[in-house]
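>>> what follows is a predicted structure for the sequence shown.
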Amino acid sequence: MLPFRRRRRKDVLQNNMVGCTLYSALDLVDGYYRWLISACDVADSGAVEHTSNDNRLVTQLFRPPRAYAQTYFDGIFVHSCAEHWKSDVENHVEHLRAVLECMRTNKLYANLAKCVFGAEEIPFLGCFIWKRGLRADPAKVKSIVEWPIPKNQKDLRKWLGLANYLHKL
């Protein structure tokens, strides 16, 4: 088993990605099935700590390209800008090749339907990230505006949770 690592903070990842001009998002598939687990390691409830193991694995594998590839659980976010006498497109293609080669070497696969390549902005943990910073997901803003008047404390907590999440952007 990999050593314990604390999950990377969302705001740190966002700060590392803001200011770039091209973004790609890759969504890894079959995280649960990547692990060979013996019967004695499965809890009585049938649950396995696959999420934290998967997160540690992906974080460890993508440590070398951390300057241009951020990971968060099963997501890999590649970001590039013009530097070293190369255009942003040239850098982004180079960065994507390195990430895809790492994925191939380690037999990690992406869900192509959920991937975004070479975009000026990408969805990132409930918001959109682009060169000028973060912006709220319009669908989430619309749901806050159109939310029915809370009828009880549970409904109010749901609405406050979503509103506070977007407020922190």
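Ah, there it is. Residues are numbered from 1 along each chain as shown.

>>> which residue lies farthest from the center of this protein?
Lys151 (34.3 Å; CA atoms, centre = their mean).

>>> which elements pack onto the helix or strand of the chain with the lowest mean pLDDT?
Sorted by mean pLDDT, DSSP states H and E, the helices and strands of the chain end with helix 50-61, the least confident at a mean of 75. Using 3 or more CB pairs under 8 Å, 6 or more residues apart in numbering; DSSP states H and E as the contact test, the elements touching helix 50-61 are strand 69-72. Quick note: C-beta positions are derived from backbone N, CA and C, even for glycine.

>>> kindly recompute the last result at 10 Å.
Judged by 3 or more CB pairs under 10 Å, 6 or more residues apart in numbering; DSSP states H and E, the packing partners of helix 50-61 are strand 69-72, strand 75-80, helix 88-105.

>>> okay, domains of this protein per the record?
10-135, 137-169 (automatic domain parsing).

>>> tell me how far stretch 87-101 is from the chain's mean position?
18 Å (CA atoms, centre = their mean, to the nearest Å).

>>> average pLDDT across it?
Stretch 87-101 shows an average pLDDT of 95 in the prediction.
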